[in-house]
Structures are given as C-alpha cells and as structure tokens.
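# Sequence plus the predicted model coming up.
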Amino acid sequence: MKLSKQAKKVLEELKSDTSKTIQQFEEEGFDQSMVNRAVLELKDEELVEVEEEEELERSLTEEGKKVVENGSPEHRLIERLEDGPKEMSELQDLEIDVALGKARQKSWIRIDQGEAELTQEGREALGTDGLKERLNVGDFKEPDEERGLVEVQTSKIRNVRLTEKGKDTDLKDIKEDFNVEASAKTPRTGKKHFYREVIDYAKQKWIEMGFKEMEGGYVVPGFTCFDALYIAQDHPARDLQDTFFVENPEKSDLSEYGDKVDYIKNAHENGWETGSKGWGYDWSREDSEQNVLRTHTTAASARKLHELDEEDLPAKYFVIGRAFRNETVDRTHLADFDQAEGIVVGEDLNFAHLKGYLSEFFEKMGYDEFRLIPTYYPYTEMSVEVQVWDEVEEEWLGMGGAGLFRPEVVEPMIGVEATVLAWGLGIGRIGMMAAELDDLRDLYSNDTKLIEETPVWRSK
C-alpha cells in the first residue's frame with residue numbers, strides 16, 4: 001500500500017490513540033489543512049472513518065459584556081432606589097426600559113404616581129447581582145439568549161477513528177507516495193527592504209573600487225555645511241526656505257578647526273592665498289557656528305578634508321547617508337533623502353579620472369549609458385550634472401552633481417596643494433527605478449505587500 005508522508009504520519013498517530021478529533025491534531029501542532037487531506041486519503045483506503053458531531057458554543061454578546069462590567073440594568077436600578085423612592089425623570093440615565101421591565105418582572109419595585117420604589121423582595125435582592133455573577137463564570141441559561149446577553153454558535157467536531165482494517169495495517173508495509181505535481185505553498189520568509197538592498201549594494205561597489213567609508217553627523221555647523229565649501233553666507237541655499245536650523249544645541253564650537261576658520265574667512269572675503277578674489281563681503285563667525293541639519297552629505301567631505309594630513313594622500317572616501325532640506329513633500333520631493341557622496345584626493349588628478357570613477361560606479365549599478373552636462377556649483381570648477389539613460393521611460397534622468405573642488409575649498413582645509421574629485425548622487429532614484437515606483441515616499445514605506453512583491457534587487 002502507498003500513502004503520502006502526511007497520511008502515514010496521521011495513521012501513526014491514530015495507532016497510539018485509536019481516535020482523535022481534528023482539533024486535537026491541531027493542538028498537537030499539526031496543520032489543519034494537512035490533516036484533513038490526509039484523513040480523506042486514509043478514508044479512501046478504508047483505514048479510518050469520520051464522524052461529525054455538532055457542538056454548541058455559547059459566548060457573551062456585547063450587551064452581556066456590559067452586564068459583567070457594569071452590572072445588570074435591573075440591579076443598578078434597585079441600588080439607585082436603596083435610599084428611597086425616585087421620580088422617573090431621575091432614572092433616565094439607566095437603561096430604563098429594560099431595568100423597569102426586569103425589576104417589575106422580578107417584583108423588585110412598584111411604581112406609583114410616577115415614582116419608583118423598592119419592594120421587600122427588592123431590598124432582599126440588594127448586595128448580590130446574581131445575573132452579573134452567573135454570566136461572569138459562564139453559567140449561561142436559555143433566558144440569557146432570549147435577552148440577547150448570550151449568543152450561540154454551532155461548530156462541527158470531526159472525530160477520526162481507525163477501522164478494523166486500519167488497526168490491522170502494519171506501518172512497515174506502507175510505502176510513501178510522492179506527488180511531484182502537487183502544488184506547494186510558497187513559504188513566507190523574511191528579507192531586506194528593497195531600498196536597503198540597493199544602498200548596501202552601492203556601498204559594496206564603492207568598497208570594491210578601493211574607497212573607505214567616512215562618517216558624518218546629521219547636525220553640523222554652517223562652517224562644514226556651507227563656509228568650508230565656499231558657499232557665501234548670503235547664498236539662497238542658506239535661507240530658511242531650504243535649510244533646517246537647529247535650536248538646541250544652537251551653536252558649535254569651531255575651535256577644533258584652529259587657524260582654518262581664519263583661512264576660510266579670508267577665502268570668502270578676499271580669496272586668501274588661493275589666487276581668488278573671494279566673495280568680497282564681511283564674513284561672520286557667528287553665522288558659521290550656527291547648527292543646521294546638513295543639506296547635503298558634502299558636509300562630511302568637508303570634515304574629511306580637515307582630518308586628512310599630507311601623509312594620508314592619496315585617499316578615496318565615500319558615504320551614503322541622509323540629508324535634509326525644507327522641501328514641500330510630494331511624490332518627487334521629500335524633506336529628507338539619501339545621497340551617495342564621494343571624494344578622491346591626490347596629485348595629478350583631472351576630469352578624466354572623475355568621469356572614470358562615475359562611469360565605473362553606474363556600470364556596476366546596472367546603467368549602460370550616462371553623461372555629464374556642464375552646470376554650476378559654488379564649490380566645484382568644473383561642475384557637471386550626472387545623468388543616466390532610463391531605458392523604460394526613454395529619457396535622461398538627473399542623478400546628482402560632480403566636479404573638482406575649487407582651491408578656495410581645498411587649500412584652507414587640507415593645507416597643501418592637492419586636487420579633489422567630488423560628487424553627490426541621489427541614490428533614491430536608483431531605488432525607485434529598481435522597484436518600479438512613481439512615488440518617492442514609497443521608498444520608506446513598511447507596506448509588507450509592497451516589500452513582498454518587489455523582487456530581490458540585482459543590477460543588470
């Protein structure tokens with residue numbers, strides 16, 4: 001005889017107990033649907049028989065639960081009348097119709113000229129709410145159902161019992177039958193959020209290209225977010241329309257940057273020793289100390305330049321992290337977003353090297369075509385916008401900016417002549433395209449259906 005593995009297991013269980021209900025199998029850890037399929041198989045082989053019985057299950061309704069919690073309406077009524085008769089108008093906050101009906105039915109009250117008062121039977125009933133206590137312990141009676149305090153549900157109990165053939169069948173004589181065409185339930189397993197996968201993959205690519213990961217806090221002084229990057233203090237990007245200013249702590253101590261603060265001041269005012277004319281205004285240290293939520297991860301690059309010594313060069317660093325801007329939130333804009341930031345510091349570097357690093361990264365991320373379009377940034381020269389070709393939408397998409405840091409940025413912060421290649425890319429766009437989303441907010445969604453339906457991310 002051939003049986004499925006599940007049917008053989010159920011038969012083995014019945015060999016020890018002779019009969020069991022489906023519910024008992026469930027309580028022992030068996031899957032209900034598996035047991036039911038196995039029982040049908042055993043029944044076809046005349047190894048078991050199934051008996052069905054109806055079982056009545058009584059439970060409290062919402063009204064019944066109110067009685068258990070607050071007491072029965074009729075008992076609450078007689079408690080109210082304990083200190084003397086009451087006008088009917090004084091009892092309207094009770095479930096008055098039910099309370100009066102049941103109290104009169106039990107001869108607990110009498111009503112005379114619009115007043116309710118206790119009878120002797122009512123006074124004897126004070127102190128113990130029999131209905132409440134009975135419902136609380138599950139002692140239900142038929143009138144409770146009629147009153148709507150208890151509901152009855154009917155369920156079927158399936159009892160599986162071995163037949164004589166089942167008792168006589170030796171488990172050693174049964175061979176397991178495998179149905180290779182049977183449908184199987186897809187297991188639900190945990191996995192990373194698809195956007196987390198994209199970010200982790202991008203980090204790995206930078207590491208493979210020889211970059212080290214740098215760190216940087218979300219709250220930074222205007223010095224590293226703007227001033228060290230040669231962004232003038234009256235630049236629109238520093239206005240409240242774009243920047244979140246921090247109230248506590250409001251200021252940062254810039255003493256760790258030593259003389260570099262004065263170098264930056266002079267670079268802004270007159271160009272310092274860089275050969276530049278500067279911006280030509282009176283630079284404010286107080287404004288530079290003001291804490292902000294970083295508006296770009298380039299603030300981490302500025303701090304890294306400060307930390308580097310001449311013996312550290314050449315150096316390559318990256319960070320993928322959150323930045324914050326005072327944007328109106330819609331499907332393409334968020335007040336916080338992720339950027340992929342990178343710098344390469346050394347000698348004899350040029351624009352061709354920058355293009356090489358960017359092309360290598362985007363190729364690893366699955367993009368066949370990209371281009372660099374001339375643009376303007378205060379802290380790079382030359383400056384370009386990085387665009388990739390979207391094969392689905394058949395259009396060029398902006399991914400961020402790149403360029404070579406200006407001398408006004410590099411020389412005051414490093415203290416030696418060096419070339420710095422730099423870029424800041426929007427990693428969120430890659431995540432949106434990978435998941436085929438049209439709303440940037442969905443990248444940060446914990447919608448389990450969206451996460452389950454989005455395939456594990458892989459580059460081309």
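That came in fine, so what should we check first? What you see is a predicted model, and the numbers here were worked out from it, not measured in a lab.

# which residues in the stretch 151-300 of the chain form strands?
175-176, 212-213, 219-221, 291-293 (DSSP state E, counting those that start in this stretch).

# Return the member of the ones you listed having the minimum mean pLDDT.
Sorting the strands of the stretch 151-300 of the chain by mean pLDDT places strand 175-176 lowest, at a mean of 80.

# Packing partners of it?
In terms of contacts (3 or more CB pairs under 8 Å, 6 or more residues apart in numbering; DSSP states H and E), strand 175-176 is packed against strand 2-3. Where C-beta positions appear, they are placed from N, C-alpha and C, glycine not excepted.

# continuing past the strand it packs on, what's the next helix or strand?
Downstream of strand 2-3, the first helix or strand assigned by DSSP states H and E is helix 5-17.

# Which residues outside that next one are in contact with it?
Residues from elsewhere that reach helix 5-17 (CB atoms under 8 Å, 6 or more residues apart in numbering): 3, 20, 25, 28, 30, 34-35, 37-39, 41-42, 47-48, 160-162, 166-167, 169, 171, 174, 176, 178.

# Distance from that helix to the middle of the chain?
43 Å (CA atoms, centre = their mean, to the nearest Å).

# Pull up the pairing partners for the helix or strand following it, direction included.
The C-terminal neighbour of helix 5-17 among helices and strands, as given by DSSP H and E, is strand 19-21. Strand 19-21 has the following strand partners under DSSP bridges: strand 150-162 (antiparallel).

# May I have the strand it pairs with as CSV, with CA atoms only?
Taking C-alpha atoms only, strand 150-162 is exported to CSV below (Å, rounded to 0.1, in the frame of the first residue of the first chain):
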residue,chain,number,x,y,z
VAL,A,150,-25.5,35.3,25.2
GLU,A,151,-25.1,34.1,21.6
VAL,A,152,-24.8,30.5,20.4
GLN,A,153,-22.5,29.3,17.7
THR,A,154,-22.7,25.9,16.2
SER,A,155,-19.5,24.1,15.1
LYS,A,156,-18.8,20.7,13.7
ILE,A,157,-16.5,18.3,15.5
ARG,A,158,-14.9,15.8,13.2
ASN,A,159,-13.7,12.7,15.0
VAL,A,160,-11.4,10.4,13.1
ARG,A,161,-11.4,6.7,14.2
LEU,A,162,-9.4,3.7,12.9
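
# and it with helix 5-17, angle?
In terms of direction (axes from the mean of the first three to the mean of the last three CA atoms, to 10 degrees), strand 150-162 departs from helix 5-17 by 90 degrees.

# Let's test this: mean pLDDT of strand 150-162, rounded?
Mean predicted confidence for strand 150-162 is 85.

# what's next to that strand, contact-wise?
Residues contacting strand 150-162 (CB under 8 Å, 6+ apart): 10, 14-15, 18-23, 39, 42, 47-61, 64, 135, 140, 144-145.

# about what we covered before: from the contacts of helix 5-17, keep the buried residues only.
Taking 16 or more other CB atoms under 10 Å as the criterion, what is buried in these is 3, 20, 25, 30, 34-35, 37-39, 41-42, 47-48, 160, 162, 166, 169, 174.
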